[in-house]
Structure formats: C-alpha cells, structure tokens
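1. This is a predicted model, with the sequence first.
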There are 2 protein chains.
Amino acid sequence: MTDVVTMDKIVSLCRRRGFVFPSSEIYGGLGSSYDYGHYGVLAKNNVKARWFEAMVQEREDIVALDSAIILHPAVWEASGHVSGFSDPLVDCRTCKLRFRADHLDESHCGRRPSKKPGETPDCDLTDARHFNLMFETRVGPVEESGAKVYLRPETAQGMFINFKNVAQLARRKPPFGIAQIGKSFRNEITPGNFLFRTREFEQMEMEFFVPPAEASDWYRYWIEERRSWYLRLGLRESHLRVREHDADELSHYSSGTSDIEYLFPIGWSELEGIANRGAFDLSAHAEASGTKLEWLDSATGERYVPHVIEPAGGVDRALLAFLVDAYDEEEVAGRERTVLRLHPQIAPVKAAVLPLIGKDSAMVERARGLFEELRRAASVEYDDNAQIGRRYRRQDEIGTPFAFTIDEQTIDDDTVTIRDRDSLAQERIAIGRAREHLLDRLAAPWRSPKPE
Amino acid sequence: MTDVVTMDKIVSLCRRRGFVFPSSEIYGGLGSSYDYGHYGVLAKNNVKARWFEAMVQEREDIVALDSAIILHPAVWEASGHVSGFSDPLVDCRTCKLRFRADHLDESHCGRRPSKKPGETPDCDLTDARHFNLMFETRVGPVEESGAKVYLRPETAQGMFINFKNVAQLARRKPPFGIAQIGKSFRNEITPGNFLFRTREFEQMEMEFFVPPAEASDWYRYWIEERRSWYLRLGLRESHLRVREHDADELSHYSSGTSDIEYLFPIGWSELEGIANRGAFDLSAHAEASGTKLEWLDSATGERYVPHVIEPAGGVDRALLAFLVDAYDEEEVAGRERTVLRLHPQIAPVKAAVLPLIGKDSAMVERARGLFEELRRAASVEYDDNAQIGRRYRRQDEIGTPFAFTIDEQTIDDDTVTIRDRDSLAQERIAIGRAREHLLDRLAAPWRSPKPE
C-alpha cells in the first residue's frame, strides 16, 4: 500500500482547487456532507456521462429511468427496507458516543481515542439496538395529517416498480435493463472517509432482467463488464479486485454478490457491487401491489418472473477512486509538483490555452482566438494570469491533460506548443491543427503512467 | 388560446410513449409525483445540458456548483425560510379538504366540485393558518438525538453559502456567477397540473454577483438572456412573455422581479423568474454566520457586499413547455398523425435508422451498418419492427427530427432517403454522407414550423 496517497492529501487538494468543499462550512459544517465546486462538478458530470454512455447509449438492451426520490411508502414495505434496513447500534454510557455493534473493531472510544470501545476500562456499552437507515419525512401539512414517507435509500426500487411500464413500451424481451443515476440518502451513524461514505450520495444503478436460466451467466458478464469500465477509465489493474461475498455475507435473496473493490487510502473497499438478486424484487412487489410483474414469452408461451442482475455503483465513490488513483507528486527540475494523472475523459478541463506572456497583446490575441475555437469542441480554460510555470502547475493540479502555449514563435510562424501533463513533453504543431490534434489525443486509448 | 393543446393530451402522449409515468403507480400512485421514462430522461438531460452549456461552458464568468440537498439548518434560519416560507391554508370542516387561502378562487369544493369553497352553502372554512413548505427530517438516530434538518426548497442558498469559497478560488471579480442544477422539495398543499407543480422538482438556478451600481443593468441583461435561451430552443415568441412583478408582489428584499411566462394549457404561467435580490442574501448569511461575505476590490480599495441577480428556472417546467409548444396533430394523406415538433437539440432521439423491409437481410445489414456509424455521433434508434408507416409515426410521436430509410435502391446505389419530421420531405443522399448530413442539420438554426 506504499504508493497509495493519504486521504488528507486528497481532501486538501480538493479543497484547494475547488473540487469539493465541506458543506455549510460558514455554519461550522454538517458532518460528512460535501458541496462540489466547479472542477468537482465537471469531473463528476464526466463520470456520470461515461456511465450513461456505456450503460445506455452504446447499448440497445438498456433504457434510462429517473424515478422520484420520494416514492409511495408501500414500496419500502414491500422491498423489506422498513423492517430490515437497519444497523445494530450500541451506546457508550460513559463517553455518550454511539457505535455500530458490527464495526466496534474499527471504532474508537470517545474518551480514549487510541482505544477501541470495549477495550477501554471505563467503556459502558448498552445492548445493540436496531436503527433504520431511511430518512423519514411527511408529505402534506406536517402538524396533522401528513403521511410518513421516506427518502429513497437506493434508486433500484424505482426500476422494479416501473418494470411493467418499461417492458410494455420498450418492445424488448428479457434480457433487458433499466438504468438510473440519482441521489439516495442513508441515515448512516458512522459516515466518513471523505466522499467514501456520506449520508447523501449519488448512485449509478442498473437492473438487468433476464430469463432465470441465464442469470448466472449474466451475473458473470456484468462483473467483468463493470470491472472493465473502471479499467478503461484508467484505474490501475493492480488497485482493483473482485471479491465474491461469502455465503454468510449474502442477503437472503441473493444467490451471488461480488464487490469490485478499489485500494482506497482506507484499504481495499467496495467501489461497486454486482448482485444476482433472483426473482426476489419483482415477486415482492407483485405480491404487495397485486400487479402481475412477469414476462410472457409470446414465442414459447412460457410465463416467468425475470431474475435480476444489479450492478450498483456510487458516483462520489467512483470519483474518489479516480482522484486517488490519479494523485501523484514528483520532483521536476528541483521543484515538487502535484499532478492529477486523470484519464482525459474524466479530467474536468481537457486543455488550457496560455499566452506565454500574459501582457503581450499579440500573444493574448492569438491565444484568445485559439481558446474560442477549442471551447466549442471541449472543456477548455484560458489563463493569462501569473508566470507560465505557475499556470502549468495550476493545470497539473486539476488534471488538465494538455496545455497549448502561445509564444513569440506563434506570432512568426503560426505554431503553438502542446504540453503533455504526464510526460511533460512539449511538441510544436501548427495552430490550425490544434483542434484536430486535441480531439485525436482525447479520443486515444489511455493508460495511467503511474506504476502498477 | 385556441392553438394550445390540452394538458390531457400531453399527459397521455408522455405516458403512451414512455416519457413520464405517474410515480409508484402499482401502489396507486403518490399524488403529483412522476417518474421519467427513457425518452423523458433523454429529453430532460438535453434541457439540462443546453442550460449548462449556455450558463457555464460558453461563459468565463460563471462557475458550476453542486451543493448538498440537506444543508445545515442554520442556512434556512438565516435565509428566512424557517420563519417565512409558508402558505396560508384553510380547512373545510364539511368536506375535510384543505385549500390555500390565497388560491380559493381556483380551488373547488370537495363535495360540489363545480363550486368554489366559500361559494358552496355547506362549506365551513376555518381561519387561515400558516404551514411551512419545507420538508423536515432528522439526521442521526431518529428516536432520540437526531437533529432536525430540511430538504432544500431551492438550490440558491447553496450558492450563497459557498460565495466565499468560490470567490477565493475562481480568480474572478464581480460580476461573476455560480450555477447549479439539482433537486429541490416543497411540501406544496396543492401541487398539480402534471409537471408544472410537483413537490419534488429539479431547478436550474444561477446567482450572479455584481457591484451594486451595476445591479439593474445586469437584471435587464439576464431577463433578455434567459428569454432568448427559450426562443433559441424553439419556443414560439408569441407564447412567451415577460411579466414584471407589481410592487405588492415583490419580496421585501427584491427591488425587481420578472417572470418569463409561457402560455401553458392552464394559461400564462411562470416558466422562470429573474430577481434582483440586492445584498439581502449575502448580508443575511454574513450576519448569521459571522463570516465576512463581501468583496474587496484590490484596485480601488473599495469593499462592498455584491448584489445578486438570480435567474431561476425549473427543469421539469421547461420540459413541459417544450412538449406543449411542440405538440401537433395533423392529417396526412387522410390519416391523423401526432407529432412533437421539438427543437432537434431537445429531441430525445435525433435520427431513426429504418430498413424499409425489416425481414430483408440485405437492407437490415446496411441499416445496422449505418446505425452503428451514426450512434457514435448522436442519439439514434434502429427499428425494423412493423410497417414503415407505423415506424414513422412512432418516431413522430417522440419528436425524432430525421429518419433514414434503407430501401432496394440503397443496395443498388448506396443512397438512403432522409425524411424530415416536420415537412415530411424525403431527400435521397449518399449513405457515406449520412453522418455529416445529420450533424449539419442538427447544428443548423431551427424555428418551429407551427404558426406563431
């Protein structure tokens, strides 16, 4: 784990460069809640766009959905969340802190933070009690007749309850999938580790409905497909692994679940889960709602409840993995530089356009012209403020893969230099070819230059 | 208003073609809550992308933000929402329904739906009481120590509380803006009119921070800028108007607010509001948090609290306007057709690729080849299922602007026809030029063919 950056460095870079701010900071913050700044929004949008592209646009067997965050409360009764989506918690009567009973080993006593609850002599733990993780609120005038509803703890149920709507319209037979990106909320008792576990988070989930006999093949297929998505976007293979759940970890309805794990600063942790959920979800909603949620194969006359394979990832967690994997420090010509070696498709800014001398009106004019041309094709930034070295470092820190520099020679011969963030190589090309050159390089396959 | 489609027709088309479903339908629905289906997601994503492009990507003076839905509760104390964001409600003791006291004229008695409350002899209304529109929930284990928090009723406060973070990082001086797209929640007592007013909705808001002396110029600028955005995306000019609020409609802190109104099926109604909010928001948060939220002009040494111009639109409402404006029915060769004359940039699918005879393997092969080429450039659909006329009608109903048809002649001479959704003109072009032809037509300026 020696080459894994500390979380503190990631948090600090994110704050310093405006990727992620602690939320409500001027009011003292709200624990484990974050606001994304400009570059954070751009990078997060890239993660979501790549997922949507891979899961919906490039496929004919998956359609998109965007269901409400507040669904009918009966949905969560039927899904089992009202009765079973809870954590066992213990309180310490001495330090007044609350711990997850199943995570006591990783928790620290509030009085003696170097010790674990239970190991501390003055620890006085209650028995474990169950706390539901769903946020509750009320629809309608609160004081009286409001109906209790929940903020969804996952987007998945939106797909199950719309199975029939989609199946009727999509003119497809199983296997087919429904995909959704959206916010979910869990009242976690112990959120933490920056973007890794927050109470409010964004999911990318897809429910793939298949004939029962094909379920285990599709389960394998989706594990490999999702793993390869992360690899294509630059995560190093040695920092990614698939861990199959043991029998005792499985939900009662699941016949197989695998986690794609990434080597985060906190150790190997779940990046995305792929679950073979069987017929559990559709059957539960069919029974609770009295609606037939099944498939009639018009060719064979066979009627069945499709099984579900679910790849469920987190947007924030994926972005965190991309940032961790990309973070690098190195010495260049005697100076330290911090650089985010992000895949160009994830990088918030694809290229910077920099007049070598920000006060030279001829250079500025050429640079502005190039900037105006490039911005119609990609996310680019113009910067004439500060010495060129400082401007390069600013772009390195936000992961901008390319920088075009307009210098004296540009005025003479219409060429610009293009600087590569990772190799620091500078190549001189015709300014008229800059746009095409940039688009070619953005479209080229990419591998992290960091050692595996 | 004769050429305005009824809301029922829009609801029905949205349901029939999978744009929008009533949410939680298999459980009897949850009033005024909707789930977006495949085409709805694609169209909504287009609306958001066009806004983000116009407000962030094409400008250097606006940066993006994505703040949390659940902020520190002190934010809503300072903003005035805890004390003042409420509706006056009256109950009817007879029919047990609840009405907004300020909307009694538009409400109907539960017992005698053709009559209004107060006009019905057996109506027995209580005095008006105020109900706060913010959804409340609790963070932390609910049974005891959970802290009361709110689901944000607007995204705007996220921008105000991050003003300092952004101002420090963005290396910009006023005028500059912060833009955000995201979900907000209001516990409306009388939601309704399909996507027009829902309790859960998505906003596109931008807070533009300006020197106080420039506020009224920027206010005018943003009214015109936002109006022209809707026009560029195809809304007919005669169905769009700007209505300046009267003095008695203004919030106490606002020195000017204008609504961009659209002629919805329910009449002229707000599409987007542009408000000159003065220094109210930053001053309120500065006072409540003890943080200086002001600007020091390093050139003049002047220190001031920037004024705020806010264009605030709704994603769902904008999409509804685009659908309403686009909906058309006409008779073509003795048959009725329904067609969505959406701007190509808003249309969920840009082109359909159709083999004339779906069982002809040569046509299918050519059509699949064209489809695979086009899908890398745009959202396209392949369809070989049903008679060609039926397939055209399906695409007309979802607003697909172009259809490529592969026929016998394609096999002979490598040409395809391209059919224009609106004019129904068919042009024959070389299949090798199809991609370029499509991209050119998608990029061309567009005006609704519907009469003003």
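-> On my side now, so go ahead. Residues are numbered from 1 along each chain as shown, chains lettered A, B, ... in the order given.

2. who in the stretch 151-300 of chain A is up against chain B?
-> A:151, A:158, A:161-162, A:164-166, A:169-171, A:183, A:185, A:187, A:189, A:199-200, A:285, A:288-289, A:291, A:293 (C-beta under 8 Å from any C-beta of the partner chain). To be clear about C-beta, it is placed using only N, CA and C from the backbone, and glycine gets the same treatment.

3. List only those of those flagged as buried.
-> Among those, those scoring as buried are A:151, A:158, A:161-162, A:164-166, A:169-170, A:183, A:185, A:187, A:189, A:199-200, A:285, A:289, A:291, A:293 (criterion: 16 or more other C-beta atoms under 10 Å in any protein chain shown).

4. Starting from the host helix or strand of A:Arg428, tell me which strands it pairs with and how they run.
-> Using DSSP states H and E, A:Arg428 falls within strand A:426-430. The pairing partners recorded for strand A:426-430 under DSSP bridges are strand A:415-420 (antiparallel).

5. Identify the bridge partners of A:Glu331.
-> A:Glu336.

6. State the distance from it to A:Arg236.
-> For A:Glu331, the distance to A:Arg236 equals 22 Å [C-beta to C-beta, to the nearest Å].

7. who has more neighbours, those two?
-> Neighbours were counted for A:Glu331 and for A:Arg236 using other C-beta atoms under 10 Å in any protein chain shown; A:Arg236 has more, 17 against 8.

8. for the more buried one, what are its contacts?
-> With contact taken as C-beta atoms under 8 Å, 6 or more residues apart in numbering or on different chains, A:Arg236 is in contact with A:325, A:448, A:450, A:452.

9. List just the nearest of these to B:Leu263.
-> A:Asp325 (51.6 Å; C-beta to C-beta).

10. Pull the contacting residues for the residue nearest to that closest one when sequence neighbours are not counted.
-> Spatially, and ignoring its direct neighbours in sequence, A:Asp325 is nearest to A:Leu235 (5.1 Å; C-beta to C-beta, 6 or more residues apart in numbering or on different chains). Residues in contact with A:Leu235 (C-beta under 8 Å, 6+ apart) are A:262, A:321-322, A:325, A:448.

11. which of those has the most neighbours?
-> A:Ala321 (29 neighbours).

12. Excluding sequence neighbours, find me the nearest residue to that residue.
-> Counting by C-beta to C-beta, 6+ apart, A:Tyr262 is the residue found nearest to A:Ala321 once chain neighbours are left out, at 4.5 Å.

13. now that neighbour: how far from B:Asp384?
-> A:Tyr262 is 42 Å from B:Asp384, by C-beta to C-beta.

14. cool, A:Arg391 as well?
-> For A:Arg391, the distance to B:Asp384 - C-beta to C-beta - is 54 Å.

15. Equivalent analysis for A:Val90, please.
-> According to C-beta to C-beta, A:Val90 stands 61 Å off from B:Asp384.

16. and the lengthiest helix in chain A, how far out from the chain's middle?
-> Using DSSP state H, we find that the single longest helix of chain A is helix A:215-232. Computed by C-alpha atoms, centre = their mean, to the nearest Å, the chain-centroid distance of helix A:215-232 equals 17 Å.

17. looking at this, A:Leu323 is in a strand?
-> No: the assignment for A:Leu323, made by DSSP: H, G, I helix; E, B strand; the rest coil, is helix rather than a strand.

18. coming back round to it: going on from the longest helix of chain A, what's the next piece of helix or strand?
-> Counting by DSSP H and E, what follows helix A:215-232 is strand A:240-244.

19. how about the nearest residue to A:Arg171, chain neighbours excluded?
-> B:Asn385 (6.3 Å).

20. Just to check, that neighbour is in contact with B:Arg391?
-> Yes: shown here, B:Asn385 and B:Arg391 form a contact pair, counting by C-beta atoms under 8 Å, at 7.4 Å.

21. When the two are compared, which one has more neighbours?
-> When neighbours are counted by other C-beta under 10 Å, B:Arg391 comes out ahead of the other of B:Asn385 and B:Arg391, with 21 against 11.

22. Mind telling me which residue is nearest the centre of chain A?
-> For chain A, A:Val315 is the residue whose C-alpha lies nearest the centre (C-alpha atoms, centre = their mean; 1.9 Å).

23. Point out where chain A drops to low pLDDT.
-> A:1-3, A:141-146, A:170 (pLDDT under 70).

24. separation between A:Tyr253 and A:Val305?
-> From A:Tyr253 to A:Val305 the distance is 12 Å (C-beta to C-beta).

25. next one: A:Asn193
-> 38 Å.

26. and if you look at A:Arg335?
-> Here A:Arg335 is placed at a distance of 63 Å from A:Val305 (C-beta to C-beta).

27. all strands in the stretch 201-350 of chain A, in order from the N-terminus.
-> Taking DSSP state E, counting those that start in this stretch as the criterion, the stretch 201-350 of chain A carries its strands at A:240-244, A:256-264, A:267-278, A:295-296, A:303-304, A:307-314, A:327-332, A:335-340.

28. relative to strand A:256-264, how tilted is the first one?
-> Which is strand A:240-244. Computed by axes from the mean of the first three to the mean of the last three C-alpha atoms, to 10 degrees, the angle separating strand A:240-244 from strand A:256-264 equals 150 degrees.

29. What pairs with strand A:240-244, parallel or antiparallel?
-> Strand A:240-244 is paired, per DSSP bridges, with strand A:256-264 (antiparallel).
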